[in-house]
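Student: Provided below are the primary sequence and the corresponding predicted coordinates.
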Amino acid sequence: MENNPVVVGIGDIQQKDEFENLDEALVLMDKAAKLAIEDSGKTEIKKYINEIQIPKGYWRYRDPGKWIATQNNISNVKTVISKIGILQQSLINSACQKIISGQINGSLIIGGEARYKKTRAKIENKDFIETQLVENPDHYIKSDNQLTLDIEEKSLGSMAVGYYSILESAFRAKNMNNFSSHHQNIARIYSNFSNIASQNNLGWDNKRYSIEEIIDSNRLNPQMAFPYNKKHCASWNVNQSAAILLCSEKIADLLEIHNDKRVYLLASSENNNMIPTLQRENLTKPFGMKLAAEFILDVCNENSITPSIYDLYSCFPIAVQMFAEVLNIKNISDATVTGGMSFAGGPLNSYVLNSTVQIIRKIRSNQSDVGIITGVSGMMTKQSFALWSTRKDIPFKFMDVTKKAQNHDKPIEISDKEDGNGKIIGYTVIMNNNSEKKAVMYIENDKKKRNIVTSYNKEIIYSMENNEWVGKYINFANLQLVV
């Protein structure tokens, strides 16, 4: 097992200050990379880093990897940028597979955002200028399919919150949860997440929020898409970065990297079956997600492993609940090591690297811990699972369930009828561009075809925000609900 992949270095950084004291994302990522190299205890590890992988963020650099390599005297390195739509866990998985096959000795995976610096620039009336990097990376990884349908974007826009809030309504109704109690429960979960984040020295928001502060919509906590307020949503205006350094067991032994530094990815799984939200047969339990979770649970059962810590992807409460359901987790309120993306911070396309660094740090401090981290891409479109431990006797196992999922889950056909009737299978209330409330409903007709119906009727909207409408049969004309 000399080519067994092992994490030997981790680094993360957060900055909260005035504009002049904040770094751009490029520098943040470089600082995290330096921390990971230093954390290994052996700077000679740089000679064995053959690739630098970075998930694309809210920045314009073409290839920050080459710049970071130069800053750290890392030579003969290949650089990879993965576009939005690629699971962040995929970068870790691909590094492990290349280490096992002998293609590389080591991989440095880095992510970071500096949206907070941009926010401070506006507040302080300063110019935010990024370093220009115009050289392309050696490899781009991008998704082949669209995340959303045109009719979805027409009604919901491109912001994720509307899509996830529709999934929330479908989950609430599927589990026959009491309307008000369900919203109290997700606020309770997030209140506990805020408690955990307040104890995280790398958590973005250190305030503990009560259930009432999360569930009550107001100027500081506006409704984003019913039933989600701002405190239900990932906080992406952060200055945060994280880096993970992997190498083979052989290289770790050669460099005499201390065993206390070594943490192993025992198993990982991915579902990359891309079906737009409206066309999913089961809105809240994709077959591929179920298969990917079962793979991880099977590895646990085969090796008598009981996971003790979790970080369930928490861009919105429905993500936490869906992952908890397929992993059979009962106590969701403790299913984060960071405090979740609303409070610990949710950098656009690199949070899984942050959560991985923090779970590895916890495993190092208590070597009997076993952790599970989950990840998402898109509108709960793709899902990943990762099982971490100090056990070196279990060779890394990987499963991509995409093909099996594609054979099972087929996109539901979209109806071309603008008039008719159907059953609501999920809904939300959002603001349109004129700050008017608009109800958006996913419907299914008696032919099992789907469509989207909207309404601006204030009485209907009030009812939807106070009563369950999933499961109701409605009539519509010109794709507008008919009262």
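Tutor: It's in. Residues are numbered from 1 along each chain as shown.
Student: Beyond the longest strand belonging to the chain, next helix or strand please.
Tutor: Once the chain is assigned using DSSP state E, the strand that runs over the most residues is strand 420-431. For strand 420-431, the following helix or strand on the C-terminal side (DSSP states H and E) is strand 437-444.
Student: how much distance is there from the next helix or strand after that following strand to the middle of the chain?
Tutor: Helices and strands here follow DSSP H and E; after strand 437-444, the next one along the chain is strand 450-455. Here the centre of strand 450-455 is set off from its chain's centre by 27 Å, with C-alpha atoms, centre = their mean, to the nearest Å.
Student: And the contacts of strand 450-455?
Tutor: When contacts are defined by C-beta atoms under 8 Å, 6 or more residues apart in numbering, strand 450-455 is touched by residues 151-152, 154-155, 278-279, 412-415, 417, 422, 425, 438-445, 461, 474, 476, 479-481. In short, each C-beta sits where N, CA and C put it, glycine included.
Student: contacting residues for residue 232?
Tutor: Residues near residue 232 by C-beta under 8 Å, 6+ apart: 186-187, 190, 214, 224, 316-317, 342.
Student: which among these gets closest to residue 255?
Tutor: Proximity of the contacts of residue 232 to residue 255 (C-beta to C-beta) peaks at residue 342, which lies at 39.3 Å.
Student: Enumerate the positions of the longest helix anywhere in the chain that are buried.
Tutor: Ranked by residue count under DSSP state H, the longest helix found in the chain is helix 179-198. Buried residues in helix 179-198, counting neighbours by 16 or more other C-beta atoms under 10 Å, are found at 179, 182-183, 185-198.
Student: Touching, residue 184 and residue 211? I think so.
Tutor: Yes - contact criterion C-beta atoms under 8 Å: residue 184 and residue 211 qualify, at 6.5 Å.
Student: thinking again about what came up before, which elements pack onto the longest strand of the chain?
Tutor: Judged by 3 or more C-beta pairs under 8 Å, 6 or more residues apart in numbering; DSSP states H and E, strand 420-431 is in contact with helix 160-174, strand 223-225, strand 437-444, strand 450-455, helix 458-464, strand 473-477.
Student: Those: which one's closest to residue 109?
Tutor: Minimum separation from residue 109 across the helices and strands packed on strand 420-431 (C-beta to C-beta) falls at helix 160-174, 23.5 Å.
Student: okay, the angle between that closest one and strand 450-455?
Tutor: Here helix 160-174 runs at an angle of 100 degrees relative to strand 450-455 (axes from the mean of the first three to the mean of the last three C-alpha atoms, to 10 degrees).
Student: Output helix 160-174 as PDB, restricted to C-alpha atoms.
Tutor: Only the C-alpha atoms of helix 160-174 are listed here, as PDB (Å, rounded to 0.1, in the frame of the first residue of the first chain):
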ATOM      1  CA  ALA A 160     -29.900  29.100  -6.100                       C
ATOM      2  CA  VAL A 161     -32.200  30.000  -3.200                       C
ATOM      3  CA  GLY A 162     -35.400  29.700  -5.200                       C
ATOM      4  CA  TYR A 163     -34.700  26.200  -6.400                       C
ATOM      5  CA  TYR A 164     -33.600  25.000  -2.900                       C
ATOM      6  CA  SER A 165     -36.700  26.500  -1.300                       C
ATOM      7  CA  ILE A 166     -38.900  24.600  -3.700                       C
ATOM      8  CA  LEU A 167     -37.100  21.400  -2.700                       C
ATOM      9  CA  GLU A 168     -37.700  22.400   1.000                       C
ATOM     10  CA  SER A 169     -41.400  22.500   0.400                       C
ATOM     11  CA  ALA A 170     -41.400  19.100  -1.400                       C
ATOM     12  CA  PHE A 171     -39.400  17.600   1.500                       C
ATOM     13  CA  ARG A 172     -41.800  19.100   4.100                       C
ATOM     14  CA  ALA A 173     -44.800  17.600   2.300                       C
ATOM     15  CA  LYS A 174     -43.200  14.300   1.600                       C
END
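Student: quick one: low-confidence ranges for the stretch 351-483 of the chain?
Tutor: Of all residues in the stretch 351-483 of the chain, none has pLDDT under 70.
Student: Quick check: which element contains residue 8?
Tutor: Using DSSP H and E, residue 8 maps to strand 5-14.
Student: can I get the CA coordinates of that strand in PDB?
Tutor: Only the C-alpha atoms of strand 5-14 are listed here, as PDB (Å, rounded to 0.1, in the frame of the first residue of the first chain):
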ATOM      1  CA  PRO A   5      -2.900   8.400  -0.700                       C
ATOM      2  CA  VAL A   6      -2.700  10.300   2.500                       C
ATOM      3  CA  VAL A   7      -3.200  13.900   3.600                       C
ATOM      4  CA  VAL A   8      -0.100  15.300   5.200                       C
ATOM      5  CA  GLY A   9      -0.700  19.000   5.200                       C
ATOM      6  CA  ILE A  10      -3.700  21.300   5.700                       C
ATOM      7  CA  GLY A  11      -4.000  25.100   5.800                       C
ATOM      8  CA  ASP A  12      -6.900  27.600   6.100                       C
ATOM      9  CA  ILE A  13      -7.100  31.300   6.600                       C
ATOM     10  CA  GLN A  14      -9.800  33.900   7.200                       C
END
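Student: That strand - contacts with which helices or strands?
Tutor: Contacts defined by 3+ C-beta pairs under 8 Å, 6+ apart place strand 5-14 against helix 25-39, helix 88-101, strand 239-248, helix 249-254, strand 264-271, helix 351-365.
Student: where's the fourth one relative to the chain centroid, distance-wise?
Tutor: In this view, helix 249-254 has its centroid 32 Å away from the chain centroid, taken as C-alpha atoms, centre = their mean.
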